[in-house]
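Asker: sequence and computational prediction follow.
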Amino acid sequence: MHSITRQGGKLTALVRGRLNREEADTLVRDVESILREPGATGRKLIVDMSRVEYLSSSGLGALVRMFRAANDVKMEMVVCCGKAEIRSLIEIAGLDKLIKLIDLPDSE
Amino acid sequence: MVSPPAFVTHTSLMRMPEHTAALRSPWPRLSGLVDGLSLDMEDEFRFGHTVVRVGPNYRMGGSIKGGSSSIWVTVQEAALDAYNGWREREIPSPGEDVAAFTELKQMLGAAGIRLGSDLSEYEPSHGGVYGIIRDIVRAIPEDHFRNIALDRIQVGGWGPDAAKASAYKNGTVYIYDFAVYGATRTLAGLFLHELGHAFHASLRPERSAVLQECHEIISRRRTLMGIEYLLDADSRIVYQEFIVEEFVAETYLLYTACGSALREFIRSQPDDAGDAWWRAYSIYLDGFNGTGYI
């Protein structure tokens, strides 16, 4: 489950629960759709994973797809990991070289 | 279509072992062939997750630093059968293989490369992993190993990059537990990818500059080649698109494991991207002293 909010130049996708294959596809579709809207872009896309209970490999793939979509419209993407386990999963896939990771949503 | 220029001439063509050459094709699904194995489950197993019994319950989770810092979720008993069915087909045998270890150590030693960590060399539980790495090393000319920036290969354990599947640092390739206890395909992909970093570290600055220039063109044209291991193929393309070091390492993997598929891919690229690809390819060809891969 997720919600997307816009405040100032920030677009925040708040993800809750399990980020499995189905939810990952829906999340990417929704974020891409908003990023495609005329004038909808800002400076930063924050993917807030602090309420994610389970991050699947499809979820990791979703982060990469959102990163590219954000980059295409010149937005920086930041992932708020929340739990150390979420950060570890992103790091083990090597995605920390690509995507900026933070611990708390309000630290950006 | 861009044909290979005259400077791309192989003196010989070698073949990687089948478990590694399989990387050129999409990863065949076992879901539907193994009882109870769903697509979601298979994705997680491919990413190093296991199923364990904890008292009366069953839990699925990842093998990060031995599992202590992973996210574990409750699953049904049938998930354990599905995991075991998947594991039988995808993961190297856990049994001992002293002969493979000894042969691998001898081959690497002949090129001046150590095998193992400062604490230990042979690890009995790594079983078939030594055989897989030995098969790959056998398919790489010894003089190539002498020329790349590689002093040591550590199989198993953890290292300077705490939560990683594998790494290359200061002349050492680290194949961490995540890769050792995971799928053969992922192990083979990660091993060759890390050798690619060692190759990159050995290049003269002007050669590195050429690869960087090629990467700029190839990335701008979005004509990267992705294969599926650890992550899906599209994710691996994005990974290379934005980080030149990863492009160089992944191209090494493509050059060795998927040689003919890479050349076919390059031939299908538009003019400027195709030219950049062949220039990059020729640097690997020189690095292998004229040897290419089927």
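Answerer: Everything's here; your move.
Asker: tell me the contacts of residue B:239?
Answerer: Contact partners of residue B:239, counting by Cβ atoms under 8 Å, 6 or more residues apart in numbering or on different chains, are A:64, A:94-95, A:97-98, B:231, B:246, B:250. For glycine as for every other residue, the C-beta is placed from the backbone atoms N, C-alpha and C.
Asker: please list only the buried members of these.
Answerer: The neighbour count (16 or more other Cβ atoms under 10 Å in any protein chain shown) marks A:64, A:94-95, A:98, B:231, B:246, B:250 as buried among those.
Asker: skipping adjacent residues, who's closest to the spatially most central residue of chain B in space?
Answerer: The centroid of chain B falls nearest to residue B:189 when counting by Cα atoms, centre = their mean (1.6 Å). Excluding its sequence neighbours, the residue lying closest to residue B:189 (Cβ to Cβ, 6 or more residues apart in numbering or on different chains) is residue B:229, at 3.4 Å.
Asker: okay, now that neighbour: neighbour count?
Answerer: Residue B:229 has 26 neighbouring residues, counting by other Cβ atoms under 10 Å in any protein chain shown.
Asker: same check, this time on residue A:9
Answerer: Per other Cβ under 10 Å, the neighbour tally for residue A:9 reads 10.
Asker: does residue A:55 touch residue A:89 like I think?
Answerer: Yes - counting by Cβ atoms under 8 Å, residue A:55 touches residue A:89, with 5.2 Å between them.
Asker: need the residues touching each of those two.
Answerer: Contacts common to residue A:55 and residue A:89, judged by Cβ under 8 Å, 6+ apart, are residue B:71.
Asker: which member of the contacts of residue B:239 is positioned nearest residue B:171?
Answerer: Taking Cβ to Cβ as the measure, residue B:171 lies nearest residue B:246 of these, at 18.9 Å.
Asker: for that closest one, grab phi and psi.
Answerer: Per-residue torsions, residue B:246: phi -70, psi -30 (degrees, to the nearest 10).
Asker: contacting residues for it?
Answerer: A:94, A:97, B:239-240 are the contacts of residue B:246 under Cβ under 8 Å, 6+ apart.
Asker: which parts of the chain are helices?
Answerer: The chain I'm using is chain A. A:21-36, A:57-72, A:84-92 (DSSP state H).
Asker: hmm, I had chain B in mind actually
Answerer: Under DSSP H, chain B gives helices at B:18-21, B:39-46, B:77-90, B:98-110, B:128-138, B:142-147, B:177-180, B:184-202, B:205-220, B:233-242, B:244-257, B:259-267, B:271-287.
Asker: now do the longest one, average pLDDT.
Answerer: Read it as helix B:184-202. Per-residue pLDDT over helix B:184-202 has a mean of 97.
Asker: and that helix, what does it pack against?
Answerer: helix B:18-21, helix B:128-138, strand B:166-169, strand B:172-175, helix B:177-180, helix B:244-257, helix B:271-287 (3 or more Cβ pairs under 8 Å, 6 or more residues apart in numbering or on different chains; DSSP states H and E).
Asker: what's in contact with the second one?
Answerer: Okay, so that is helix B:128-138. B:16-17, B:19-20, B:92-95, B:97, B:100-101, B:103-104, B:107-108, B:145, B:153, B:155-156, B:175, B:180, B:184, B:187-188, B:191-192.
Asker: report the buried members of the residues you listed.
Answerer: B:16-17, B:19-20, B:92, B:97, B:100-101, B:103-104, B:107-108, B:145, B:153, B:155-156, B:175, B:180, B:184, B:187-188, B:191-192.
Asker: among the helices of chain A, show the one with the smallest mean pLDDT.
Answerer: Minimum mean pLDDT among those: helix A:84-92, a mean of 88.
Asker: buried residues, that one. List them.
Answerer: Neighbour-count burial for helix A:84-92 [16+ other Cβ under 10 Å]: A:85-92.
Asker: likewise stretch B:282-291?
Answerer: So, applying 16+ other Cβ under 10 Å, buried residues of stretch B:282-291: B:282-285, B:287-288, B:291.
Asker: and the residues you listed, which is closest to chain A?
Answerer: residue B:284 (21.4 Å; Cβ to the nearest Cβ).
Asker: what's the neighbour count on the nearest residue to that closest one once chain neighbours are set aside?
Answerer: Nearest residue to residue B:284, sequence neighbours excluded (Cβ to Cβ, 6+ apart): residue B:255, at 4.5 Å. By the criterion of other Cβ under 10 Å, residue B:255 has 23 neighbours.
Asker: the one 10 residues further on too?
Answerer: Other residues near residue B:265 come to 17 when the count uses other Cβ under 10 Å.
Asker: who's in contact with it?
Answerer: Residue B:265 makes contact with B:225, B:277, according to Cβ under 8 Å, 6+ apart.
Asker: cool, the one 4 residues further on as well?
Answerer: Shown in contact with residue B:269 (Cβ under 8 Å, 6+ apart): B:2, B:221, B:223, B:277.
Asker: neighbour-wise, which of those residues leads?
Answerer: residue B:277 (27 neighbours).
Asker: next one: that one from chain A, what distance?
Answerer: 21 Å (Cβ to the nearest Cβ, to the nearest Å).
Asker: just give the nearest non-adjacent residue to that residue, would you?
Answerer: Leaving aside its sequence neighbours, residue B:277 sits nearest to residue B:266 (Cβ to Cβ, 6+ apart; 4.2 Å).
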